[in-house]
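[1] Need coordinates for the following:
(4 chains)
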There are 2 protein chains.
Amino acid sequence: MNIGEIARQAGVSRSTVSYVLSGRRTVSEPTRRRVQQVIDELDYRPNASARALKEGRTRVLGLVIPPAAQRLTDMQLGFVASVVEAAAEADLDVLLSPSGGDHDRSFERMITGRRVDGVILMEIRLEDARVARLQQTRLPFVTIGRTAHADDTCWVDVDYATLIGRCVHHLADLGHRHVALVNRSAELVAAGYGPGHRALAGFNTAVAERGLSGTDVCCADDAAAGEQCVQRLLVTRPEVTAIATLNEAALPGIGRGLERAGRTVPKDFSIAGVAARHWAEDFRPPLTSADVPATQMGAHAVELLRERIATPDTSPRHLLLSPPISLRASTGPVPPAR
Amino acid sequence: MNIGEIARQAGVSRSTVSYVLSGRRTVSEPTRRRVQQVIDELDYRPNASARALKEGRTRVLGLVIPPAAQRLTDMQLGFVASVVEAAAEADLDVLLSPSGGDHDRSFERMITGRRVDGVILMEIRLEDARVARLQQTRLPFVTIGRTAHADDTCWVDVDYATLIGRCVHHLADLGHRHVALVNRSAELVAAGYGPGHRALAGFNTAVAERGLSGTDVCCADDAAAGEQCVQRLLVTRPEVTAIATLNEAALPGIGRGLERAGRTVPKDFSIAGVAARHWAEDFRPPLTSADVPATQMGAHAVELLRERIATPDTSPRHLLLSPPISLRASTGPVPPAR
DNA sequence: TCGATTCGCCGAATCGATTCGCCGAACAGT
DNA sequence: ACTGTTCGGCGAATCGATTCGGCGAATCGA
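    Sure, this is the predicted structure:
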């Protein structure tokens, strides 16, 4: 069942059916109705491949996600969901490619077969081979997160440096003198994962500004690791009274670790972080945190990408978000010396 | 840059280039090498739309996921990740459609535009409009989960009835006489969500077989709801000493609720469940549970779908999984009466 | 009434691949 | 030397849409 069949049954030419469909030329009312009726009766929908071939665009967006081996964090999941939702809103489809490294078959397929009109990339490294690869193809793309040299690409990112800095200042305001940063996993940081590096930079800057003593530790992205991490921290740095973190997956473990060590939050110990609201609110006690607006970021990324597809040669736009810290119950004044 | 350009530069016809690409006819070695060299130099890849149009298939699988509004559970996320991964393994791409109800634009687009060769559906209701819709189109599809009348469709599912039943038997073996089922959310169950209904059926059967007293409650899919749910349960049914659950998202809350009520697991109270291994192991103490093999299920679904695409008219195949219960630390003998 | 517009629709070209039929040349068999 | 086969490659048709130029009829103005 194709456009020719509709044309035949409606007694018109194929072009007329096409014009009824697209509205790009006027069609007399009686003819339009007749054609539309046949379309409705046969429940006809134009073949997407044929249309894409002729129009030179697919109405599909590519989304590159981390491979399954490495579990998606809640925040990443939020990005994916919101990208898909925002795309659907704009009548665009989303094609997924799970690919971490470079030279990935699925990634190459996506960007090289004219299968998508543009690409959204997440989990960006400071030096990212995929970004480089995309730049040499002329395919429009937007990243969630940014590389080290990000002026000439489109991106949406969270200002981890500033946010972690604010957490430290908030803790300093409460009187804490010895604070720790619980970063993301050592592998991620070693691989040049931007948020990890920028959070550390922001942490160090703020610690220096306030004349605090600061410790930073890496921690794998799960509860068990969080618990171990806190245990070790309390042993090696017993003077620490507060933690700032961007590792939301480790949060439940951090809470458990403190509890086991007999520290109650926020009486004996404070925690502030950068996390999806969901995690912050689910923490006990509710976490003082800068809530990352994952859903908005996905929508923004889609919007930026649509612009870029429509007008590819304008200068790239960025969006650096730094949501305010929501004061909840996990931070309090420094406890008296033990 | 198209196949014609390659042909020109290699001094052959377009058909010859095509045969070099597909290997469907023999091409003399010198010619083959010359063509391949031009292809490599120009980094040529055939246009996916044109190929799809001619071949009548897109090499793309559709995956229908719940809309973002309703947060994806960890298990659902596991399905999605494994489907995408398994598809990539087979050089197939995955197109996403976030759609819950029927008459969804994105869903319709996916199944009517010949955009995909087949569809994988998740979060199936006992009566599901999307399944009905897919059956009237001739598009191959596989569901993760099954409808009430599932003989004539392809699916992969977990046998919640049996698994929850096993949990109850395990608890009964330990001496528990008063057990409760913490089900998924009331809305889901009311909407005819299969696992909810089948879990309840399995629970009731097992409770009857062992002559226990059983209570069942619905609980929204998050930690806060789990906590409230347990609080209420301990008040209304103080005699209950064990819970069976398939609501993994509520688990952390259930644990907290018991703790607050002064019940320690497994000394005073037992919990057994059906959950992704990740959640079971992260629970404190580690949860005795039938671990749902989400990753395998996604891979199975892709495999079934590929079969169905290759041979659409064979009788539909099913796969009902009932993974064994892993004994961990959350279940123990019934406590002495309080 | 006649030429100029406007309107509505059609026909054909086009997008970039795949595939079938066919045609020369080389080669084998008697 | 003549016929039958095999081999390598070419040309054209095809998939299902979009879009541009053009054509006949209706409408308009003077």
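[2] Please count neighbours and contacts with C-alpha atoms only from this point.
    Noted.
[3] need the helices for the stretch 201-338 of chain A, in chain order.
    Counting by DSSP state H, counting those that start in this stretch, the stretch 201-338 of chain A has these helices, from start to end: A:223-236, A:251-260, A:277-282, A:294-310.
[4] in the strand or helix carrying A:V35, what's buried?
    According to DSSP states H and E, A:V35 maps onto helix A:29-42. Neighbour counts using 16 or more other C-alpha atoms under 10 Å in any protein chain shown place A:T31, A:R32, A:V35, A:Q36, A:V38, A:I39 of helix A:29-42 among the buried residues.
[5] now do stretch A:15-23
    Of the residues in stretch A:15-23, those scored as buried under the neighbour-count criterion (16+ other C-alpha under 10 Å) are A:T16, A:V17, A:S18, A:V20, A:L21.
[6] Stretch A:195-215 too?
    Buried-residue list, stretch A:195-215, by 16+ other C-alpha under 10 Å: A:195-207, A:212, A:214-215.
[7] now, among the residues you listed, which is nearest to A:V235?
    Lowest distance from A:V235 to the buried residues of stretch A:195-215 (C-alpha to C-alpha) belongs to A:T215, with 12.8 Å.
[8] give me every residue that touches the closest residue to DNA strand C within the stretch 51-200 of chain A.
    When you check the stretch 51-200 of chain A against DNA strand C by C-alpha to the nearest atom of the strand, the closest residue turns out to be A:K54, at 3.5 Å. Taking C-alpha atoms under 8 Å, 6 or more residues apart in numbering or on different chains as the criterion, A:K54 is in contact with no other residue.
[9] Ok, A:C218 next?
    Shown in contact with A:C218 (C-alpha under 8 Å, 6+ apart): A:V182, A:N183, A:R184, A:S185, A:A186.
[10] Tell me which entries of those lie within helices.
    Within the contacts of A:C218, residues falling in helices by DSSP state H are A:A186.
[11] Same list (the contacts of A:C218) but as CSV, adding pLDDT.
    Below are the contacts of A:C218 laid out as CSV (pLDDT from 0 to 100):
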residue, pLDDT
A:V182, 98
A:N183, 98
A:R184, 96
A:S185, 95
A:A186, 97
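[12] If any of the contacts of A:C218 are buried, put those into a ChimeraX selection.
    Here is the ChimeraX command that picks out the buried ones among the contacts of A:C218, judged by 16+ other C-alpha under 10 Å:
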select /A:182,183,184,185,186
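[13] Could you list which of the contacts of A:C218 also contact DNA strand D?
    Within the set of the contacts of A:C218, contact with DNA strand D (C-alpha under 7 Å from any atom of the strand) is found for no member.
[14] How many neighbouring residues does the closest residue to A:L72 other than its chain neighbours have?
    Counting by C-alpha to C-alpha, 6 or more residues apart in numbering or on different chains, A:P66 is the residue found nearest to A:L72 once chain neighbours are left out, at 7.2 Å. One way to gauge burial is a neighbour count; for A:P66, by other C-alpha atoms under 10 Å in any protein chain shown, it gives 20.
[15] Equivalent analysis for the one 10 residues further on, please.
    Other residues within reach of A:Q76 by the criterion other C-alpha under 10 Å amount to 20.
[16] Restricted to strands, list the buried residues of stretch A:195-215.
    Mapping those onto strands (DSSP state E) picks out A:G214, A:T215.
[17] for chain A, what are the low-confidence residue spans?
    Across chain A, the stretches falling below the confidence threshold (pLDDT under 70) are A:69-70, A:101-103, A:338.
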